[in-house]
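Trainee: any chance you could fold what I've pasted below:
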Amino acid sequence: MFHTFKNNGSDKTLVLFHGTGGDENSLTQLAQQAAPHMNHLALRGEVVTFGQRRFSKINHEDEIIDVQDMINRVPGIQRVLEVLKVRYNLGEMWALGFSNGANALTAMLLTGKPMFEKVILFRPMDLEIESNVDLNQLDILIHSGKKDDIIPQKYAYELEDRLEKHNANVNHVSYDLDHWMRQKELDDLKAWFKAQ
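Mentor: Below you'll find the model as predicted:
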């Protein structure tokens, strides 16, 4: 899996999962602004369907995600992260995903093995994955937009409920925004990282 790594001399690494149509560069500026004290590992989704890059395929242009395909790809993504953790001495791994990247992280949380100390999900949705996993009070931050016309906000609340049922510690912040981040949201994210 193609990736970029920025070593900021930390014992903590923020792993970045871009959204639909993005790549390994999409979230690096955000990471540098919000968490400059951490190392940054940015992954590139390996699937291109209907001209846009993702972490899982879709079967028609209006589909948001093929959940089963995403689940099937989780072990491969985790194997890559295990190799990179050793190669770069990543230390403690946190994860941040936007949209399709947030959905990839959700699939990892519910079907994969534990890898992350904290997880940030921007504009996620509930994948309705049946799982018996115990998230063991994992800190998860969700940012959703009230005016999101790509992933309606109700799906983020449904995901919040699901993650809490799996014993996660969820902080869900709702913004009067659409699918895209604005400065106020970034400022709040900076404050969140500082508080951690």
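Trainee: contacts only, for residue 145.
Mentor: Neighbouring residues of residue 145 by C-beta atoms under 8 Å, 6 or more residues apart in numbering: 123, 153, 174, 175, 176, 177, 178, 179, 180. Heads up, the C-betas are built off the backbone N, CA and C, glycines and all.
Trainee: who wins for most neighbours among those residues?
Mentor: Counting neighbours by other C-beta atoms under 10 Å, residue 123 leads those with 28 neighbours.
Trainee: what are the buried residues along the longest helix seen in the chain?
Mentor: Ranked by residue count under DSSP state H, the longest helix found in the chain is helix 67-88. Applying a neighbour-count criterion of 16 or more other C-beta atoms under 10 Å, one finds 69, 70, 71, 73, 74, 77, 81, 84, 85 buried in helix 67-88.
Trainee: ok, now stretch 143-154?
Mentor: Buried residues in stretch 143-154 (16+ other C-beta under 10 Å): 143, 144, 145, 148, 151, 153.
Trainee: so the second one lies in a helix, does it not?
Mentor: Right, the one you point to is residue 144. No: remark: residue 144 does not belong to a helix; assigned using DSSP: H, G, I helix; E, B strand; the rest coil, it is strand.
Trainee: that one contacts residue 175, doesn't it?
Mentor: Yes: counting by C-beta atoms under 8 Å, residue 144 does reach residue 175; the two are 7.1 Å apart.
Trainee: show me where the protein has its helices.
Mentor: Here the chain has its helices, by DSSP H, at 28-34, 67-88, 100-111, 153-165, 183-195.
Trainee: ok, which of these comes nearest residue 21?
Mentor: helix 100-111 (8.5 Å; C-beta to C-beta).
Trainee: so which elements touch that closest one?
Mentor: Where contact means 3 or more C-beta pairs under 8 Å, 6 or more residues apart in numbering; DSSP states H and E, helix 100-111 is packed against strand 12-17, helix 67-88, strand 92-98, strand 118-122, helix 153-165.
Trainee: okay, those in TSV with mean pLDDT and distance to residue 39 next?
Mentor: Formatted as TSV, the entries for the helices and strands packed on helix 100-111 read as follows, by pLDDT from 0 to 100; distance: least, C-beta to C-beta, whole Å:
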stretch	mean pLDDT	distance to residue 39
strand 12-17	98	4
helix 67-88	97	7
strand 92-98	98	9
strand 118-122	98	14
helix 153-165	97	26
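Trainee: okay if I get the ones you listed as TSV plus distance to residue 189?
Mentor: As requested, these are arranged in TSV below (distance: least, C-beta to C-beta, whole Å):
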stretch	distance to residue 189
strand 12-17	11
helix 67-88	22
strand 92-98	9
strand 118-122	7
helix 153-165	16
